[in-house]
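>>> Task: produce atomic coordinates for the following.
(one chain, ligands or ions: 2)
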Amino acid sequence: MNYQNDLAFAREQDRLDPLKNFREQFLIPQHNGADAVYLCGNSLGLQPVTARTYLNDQLNNWQNLAVEGWFQGEDPWLDYHQSLSGSIARIVGAQENEVAVMNSLTVNLHLLMVSFYKPNSKRFKIIIEGGAFPSDQYAVESQVKHHGFDPQSAVIEIFPREGELTLRTEDIVNTIEQHKNELAVVLFAGINYYTGQFFDLKAITDAAHQAGAYAGFDLAHAAGNVPLQLHQWGADFACWCSYKYMNSGPGGISGIFVHERHFTDTTMNRFAGWWGYRRDMRFLMAPGFDAEQGANGWQVSTSPIPLLALFKASMAIFDSAGNMSIIRDKSLRLTAYLEFLINEINLRQGEELFRIITPADPQARGSQLSVVCKRNAKSTFHFLAQNGVIGDWREPDVIRLSPVPLYNTFEDVYKTAALMEASIKAI
Ligand SMILES: Cc1ncc(COP(=O)(O)O)c(C=O)c1O
Ligand SMILES: Nc1ccccc1C(=O)C[C@H](N)C(=O)O
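Ligands and ions are numbered 1, 2, ... in the order given. From the prediction side, this is the model:
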C-alpha cells in the first residue's frame, strides 16, 4: 500500500473503508463542538450507542419481573452469560465451552492461578515479560508468596536485549528452556501495554509445554484487537477485560479461557462458588461442590447482569462486523498509516523527534503505537489534548496512540500526525 501524506488521501481511504458505517454505532467524545480524535481505545473503548438500550432492557426487566427475571423474559438472567459465549469464543479463537464471562481481570487471573499454579519444591517458577502491567506483576508476586515461595527466585522476568526495546521470540523460548526443570507457569500478556508488542503466543505455548509448564495469557490488550486462536495454539488458560477494545464500559466484565483438555483433570484446585456449580443441580443447594462442565465451572458469583448487558451491546457490534480478520485488516492499515505519517515527520524534520518503540513488524503489534517524544514530551501530549486528540500518557516520555478500526478513521490518524508536527513549532 502506498500511503500519502494528505487529507484527501485519508478521506478517500475512509470512503473505501468496509467498516466505515460502524463509527456511527459509537458515541464519540466532543471537542469544541466537533468529534474529538479518540485514540485511547486501548485504555477505555467508546460507548456503543445501543449500550443504554441494552442496559435499560435489564433495568426494565428488574422493574417488571423483579426476582422472576432470573427465569423469565427474553433473556433470563440465569443463563444470560451463556448468550455471550459464542461471540467472545469467536474473538479469542476458542470453543464455546472453553470461555466464561465473569468477574474482572485481575480477579480472574488470581482464580486461574489457583488452578494452574501449583508449585512444589521442584517446580515453582513463573516466567513473565519484564515490564508487565503492574496488576499482573502484583498478582504473580502475591501468588508466589501465598504458596510460601520467594518472588526473587520464583518470578523470572524477561527483558529486551541491551539496546533493544522489545522482546525477541527466540529469547523468550530460550529462557523457558533454560528454566525448564523448575518452571510451573509461563504467564505472558498477549500484547504488552507499554510497548504494544504482540507476542508469538503459539511459540510461547509450545515452549512452555516442551518445558512441562502451563502457558497462560493476559489478553487485556489483545482481545478484540488482534486475531487469536487460543484453542488451536493449545494455550492452557487466559483472561481479558472487555473495557478496552471490546467497549463494555469502565470496569466492564472480564472473561476466562480454559482449554478443554483440562476439563477432566480432577486434581485441579479451584476457588469454588455456587455459580460454578453444575447448572442442572445448582438450585438443589446440596453440599459438596460439583463443577459445571467447561470454563463455566470456574464461575464463582452471581452474574452482574448490568455489566453483561453492556458487554452484550458490544458483542452485537462485533458479531455484525463479521470475523476478526475484517477488523484486523483495517487495523493493520490504520496503524501502518499512523506509522508512515510519523516517520514522514521525522524525515522532514531531519531528526527522529518521534521514536516509535512498538515493533515495526505488523504481525508483532496490534492497533497501538507507543511513541517516545524526544523533546517536550508532556507538552506535546497536552498540545494534542488541547487540540482534540485524546491519546494516553505514560511516564516518562511515551504517548500511546491507538487507532481502533471500529470507530477511528484515516482522517483521525491524519489529523493526529498533523498536530504532532504542528506541536514542534507551537511549544
Ligand atoms: C495487562 C493488564 N492487566 C491488568 C489490567 C487491570 O485489570 P483490572 O483492573 O480490570 O483487574 C490491565 C488494565 O487495566 C491491563 O492492561
Ligand atoms: N482500568 C483502568 C482504570 C483507570 C485508568 C486506566 C485503566 C486501564 O485500563 C489502563 C490500561 N490497562 C492501560 O494499559 O492503559
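>>> Smallest gap between the stretch 151-300 of the chain and ligand 2, at which residue?
Per Cβ to the nearest ligand atom, residue 193 is where the stretch 151-300 of the chain lies closest to ligand 2, at 3.6 Å. In short, each C-beta sits where N, CA and C put it, glycine included.
>>> who in the stretch 201-350 of the chain is up against ligand 2?
residue 220 (Cβ under 6 Å from any ligand atom).
>>> What ranges does the stretch 201-350 of the chain have for its strands?
For the stretch 201-350 of the chain, the strands defined by DSSP state E, counting those that start in this stretch cover 214-218, 237-240, 255-258.
>>> Nearest to ligand 1, out of those strands?
Per Cβ to the nearest ligand atom, nearest to ligand 1 of the strands of the stretch 201-350 of the chain: strand 214-218, 4.7 Å.
>>> separation between residue 225 and residue 47?
As judged by Cβ to Cβ, to the nearest Å, residue 225 and residue 47 stand 18 Å apart.
>>> just residue 8 next, same as before
From residue 8 across to residue 47, the span is 31 Å (Cβ to Cβ).
>>> Look at these two and report which has more neighbours.
Between residue 8 and residue 47, counted using other Cβ atoms under 10 Å, the more crowded position is residue 47 (20 against 9).
>>> for the more buried one, which residues make a bridge with it?
Beta bridges link residue 47 to residue 27, judged by DSSP bridges.
>>> Thought residue 252 was touching it, still the case?
No. Counting by Cβ atoms under 8 Å, residue 47 stays clear of residue 252, with 10.7 Å between them.
>>> for the nearest residue to residue 110 once chain neighbours are set aside, helix, strand, or coil?
If the residues on either side of it in the chain are set aside, residue 110 comes closest to residue 139, at 5.8 Å by Cβ to Cβ, 6 or more residues apart in numbering. Secondary structure, DSSP: H, G, I helix; E, B strand; the rest coil: residue 139 is helix.
>>> which one's the longest helix in this protein?
helix 324-349 (DSSP state H).
>>> Which strands or helices does it pack on?
The helices and strands touching helix 324-349, judged by 3 or more Cβ pairs under 8 Å, 6 or more residues apart in numbering; DSSP states H and E, are helix 7-16, strand 354-356, strand 369-373, helix 410-426.
>>> Contact residues of the stretch 101-250 of the chain facing ligand 1?
Counting by Cβ under 6 Å from any ligand atom, the stretch 101-250 of the chain sits next to ligand 1 at 104, 105, 106, 133, 135, 136, 189, 193, 218, 220, 221, 241.
>>> Let's see if you can find the most crowded of those.
residue 218 (30 neighbours).
>>> Which residues are in contact with it?
By Cβ atoms under 8 Å, 6 or more residues apart in numbering, the residues touching residue 218 are 105, 109, 132, 133, 136, 187, 188, 189, 190, 238, 239, 240.
>>> Same check on residue 371?
With Cβ under 8 Å, 6+ apart, residue 371 has these contacts: 342, 354, 355, 356, 357, 398, 399, 400, 401.
>>> Name whatever forms a beta bridge with the second one.
Residues found in beta-bridge contact with residue 354 (criterion: DSSP bridges) are residue 373.
>>> Surely it is in contact with residue 376?
No. Between residue 354 and residue 376 there is no contact under Cβ under 8 Å: 11.5 Å.
>>> Between the two, which is the more surrounded one?
The neighbour count for residue 354 versus residue 376, taken as other Cβ under 10 Å, is higher for residue 354 (25 against 16).
>>> returning to that earlier point: run a quick neighbour tally on the residue nearest to residue 110.
By the criterion of other Cβ under 10 Å, residue 139 has 23 neighbours.
>>> what about residue 306, distance to ligand 2?
18 Å (Cβ to the nearest ligand atom, to the nearest Å).
>>> where does the longest helix of the chain sit relative to the chain's centre, distance-wise?
20 Å (Cα atoms, centre = their mean, to the nearest Å).
>>> quick one: average pLDDT of that helix?
The pLDDT scores in helix 324-349 average 97.
>>> try stretch 359-379
Stretch 359-379 comes out at a mean pLDDT of 97.
>>> quick one: it near ligand 2?
No. Judged by Cβ under 6 Å from any ligand atom, stretch 359-379 stays clear of ligand 2, getting no closer than 9.1 Å.
>>> Just the buried positions in that stretch, please.
Neighbour-count burial for stretch 359-379 flags 359, 364-373, 376-377 (criterion: 16 or more other Cβ atoms under 10 Å).
>>> what does stretch 95-113 give?
Buried, per 16+ other Cβ under 10 Å, within stretch 95-113: 96-106, 108-113.
>>> Tell me the gap between that stretch and the middle of its chain.
13 Å.
>>> Spatially, what comes nearest to the residue in the stretch 1-150 of the chain that ligand 2 sits nearest to if we skip its sequence neighbours?
Going by Cβ to the nearest ligand atom, ligand 2 is nearest to residue 43 of the stretch 1-150 of the chain, at 4.1 Å. Nearest residue to residue 43 in three dimensions, chain neighbours excluded: residue 392, at 5.3 Å (Cβ to Cβ, 6+ apart).
>>> What is the burial count for residue 125?
Counted with other Cβ under 10 Å, residues neighbouring residue 125 total 21.
>>> Endpoint to endpoint, stretch 39-56 covers what distance?
28 Å (Cα to Cα, to the nearest Å).
>>> any bit of it sitting next to ligand 1?
No. Judged by Cβ under 6 Å from any ligand atom, stretch 39-56 stays clear of ligand 1, getting no closer than 7.6 Å.
>>> What's the mean pLDDT across that stretch?
Averaging pLDDT along stretch 39-56 yields 98.
>>> Up against ligand 1, what does the stretch 251-400 of the chain have?
Counting by Cβ under 6 Å from any ligand atom, no residue of the stretch 251-400 of the chain sits close to ligand 1.
>>> per-residue confidence at residue 3?
Listed pLDDT for residue 3 reads 94.
>>> Check the secondary structure at it for me.
coil.
>>> So it sits against residue 342, correct?
No. Residue 3 is beyond contact range of residue 342, at 11.4 Å (criterion: Cβ under 8 Å).
>>> Those two: which has the busier surroundings?
Each of residue 3 and residue 342 has its neighbours counted (other Cβ under 10 Å); residue 342 has more, 23 against 19.
>>> domain ranges for this structure?
Domain segmentation of the chain under automatic domain parsing yields 7-35+323-426, 54-320.
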